[in-house]
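*Asks:* Task: produce atomic coordinates for the following.
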Amino acid sequence: MQSKPSCIGIFLGTLLSLAAATASAERPDSYNSDRDKLIREMQHEHGFDAEKLRMLMAKAVYRQSIIDAISRPAEAKPWSQYRPIFLTASRIEQGVEFWEQNAALLQQAEQVYGVPSELIVAIIGVETRYGGYLGKYPVLDALTTLAFGYPKRAAFFRSELIQFLLLTREEQVDATAVLGSYAGAMGLPQFIPSSYRAYAVDFDGDGRRDLWNSRADVIGSVAAYFQRHGWVRGEQITTRANGADSRHDSFVDTDMKPSIPYSRLRQAGIESEQPVADDTLVSLVRLDGEQGPEHWLGLNNFYVITRYNHSNLYAMAVYQLSREIVAERNRRIDFGQTKMSELNRAGFR
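*Replies:* Numbering: from 1, shown residues only. Here you go, the predicted model:
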């Protein structure tokens with residue numbers, strides 16, 4: 001019969017476990033040397049004060065939780081689990097409210113860039129719940145952790161860290177105060193630093209591109225991003241594809257960018273629910289839904305949405321949320337008109 005572990009044994013075991021966890025969360029040996037190299041680069045190539053930048057970098061905290069988070073993205077989930085994250089009653093209702101509060105700005109952005117209001121609203125809803133959740137990680141911590149402690153994508157995040165430092169100087173942003181995602185995305189539309197610098201617009205004309213406090217800049221920047229990535233005004237985004245099954249896996253496995261003439265899919269027995277011209281280039285998207293596989297045609301504008309986040313799941317969540325927001329907004333409009341008619345009939349004019 002085995003004896004029960006003593007309290008001292010349990011205590012020592014706990015200490016050893018904590019020590020192991022702490023060790024695993026320590027910065028890699030190369031962290032400091034990589035950081036110092038970047039400081040010298042920013043001084044020589046971009047004119048930063050090396051001492052001030054060294055003081056700033058000293059405030060950055062290496063966070064194992066960021067490494068853990070980037071290792072298990074939501075896009076790894078099947079569609080049946082991914083969809084309920086974003087297609088919720090509260091996110092739809094808040095989307096209608098955001099639209100009503102910013103209707104003039106959304107209409108202006110749609111006129112300038114050709115991107116539908118509901119899509120702009122849906123992007124902001126998926127990214128930050130319309131500004132309700134901007135992220136919990138200091139962006140400086142996220143980018144330094146990934147640039148100097150995540151070899152798998154260190155080059156990419158090193159570049160984003162450089163872009164972040166340039167951005168904070170250009171837009172006069174306190175680099176230590178900015179919160180964002182574990183990948184360093186910022187503001188209501190969650191632009192990574194390179195996207196912020198390349199695509200954000202000063203839509204309110206105040207001389208700054210403020211993706212935290214200016215709804216105009218947020219809305220205009222999302223629309224500008226899609227226009228710059230090839231959005232075509234008035235074109236379809238996606239439509240259901242019927243007749244697809246495992247025999248068509250070779251179509252599913254092609255690149256995300258539309259490259260298959262629709263006529264080829266039709267010849268293979270796949271039919272679109274909505275009219276699509278035979279010469280239209282499409283992709284075939286398969287999603288693992290609650291009732292089994294779903295197949296959709298990815299058209300050019302669907303592909304443009306994936307440029308925001310390189311995932312068919314993400315693009316479909318944005319698309320379906322946008323449609324639900326439109327439906328709920330129309331329902332409220334119809335309800336209001338019905339109530340007004342009833343009041344008029346009752347003599348209340």
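
*Asks:* Count the residues that sit near residue 110.
*Replies:* 18 (other C-beta atoms under 10 Å). (Glycine included, C-beta is placed from N, CA and C.)

*Asks:* How about the contacts made by it?
*Replies:* Residues near residue 110 by C-beta atoms under 8 Å, 6 or more residues apart in numbering: 116, 117, 120, 223.

*Asks:* Including neighbour count, could the residues you listed go into a markdown table?
*Replies:* Shown next, in a markdown table, are these (neighbours: other C-beta atoms under 10 Å):
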| residue | neighbour count |
| --- | --- |
| 116 | 20 |
| 117 | 22 |
| 120 | 28 |
| 223 | 29 |
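
*Asks:* List just the nearest of those residues to residue 258.
*Replies:* residue 116 (19.3 Å; C-beta to C-beta).

*Asks:* Excluding residues flanking it in the chain, which one is nearest residue 178?
*Replies:* Spatially, and ignoring its direct neighbours in sequence, residue 178 is nearest to residue 139 (4.5 Å; C-beta to C-beta, 6 or more residues apart in numbering).

*Asks:* who touches the one you found in this structure?
*Replies:* 164, 175, 178, 179, 180, 184, 186, 193 are the contacts of residue 139 under C-beta under 8 Å, 6+ apart.

*Asks:* Can you tell me, leaving aside adjacent residues, what's nearest to residue 173?
*Replies:* Nearest non-adjacent residue to residue 173, counting by C-beta to C-beta, 6+ apart: residue 167, 6.9 Å away.

*Asks:* cool, residue 287 as well?
*Replies:* In space, residue 287 is closest to residue 79, 3.8 Å off (C-beta to C-beta, 6+ apart).

*Asks:* Count the residues that sit near the one you found.
*Replies:* 19.

*Asks:* now do the one 5 residues further on
*Replies:* When neighbours are defined as other C-beta under 10 Å, residue 84 has 12 of them.

*Asks:* Now it: which helix or strand?
*Replies:* helix 79-86 (DSSP states H and E).

*Asks:* what's the next helix or strand after that helix packed up against?
*Replies:* Helices and strands here follow DSSP H and E; after helix 79-86, the next one along the chain is helix 89-101. If you count contacts as 3 or more C-beta pairs under 8 Å, 6 or more residues apart in numbering; DSSP states H and E, helix 89-101 packs onto helix 117-128, helix 312-345.

*Asks:* can you tell me which of those helices the model trusts least?
*Replies:* Mean pLDDT values for the helices and strands packed on helix 89-101 show the minimum at helix 312-345, a mean of 84.
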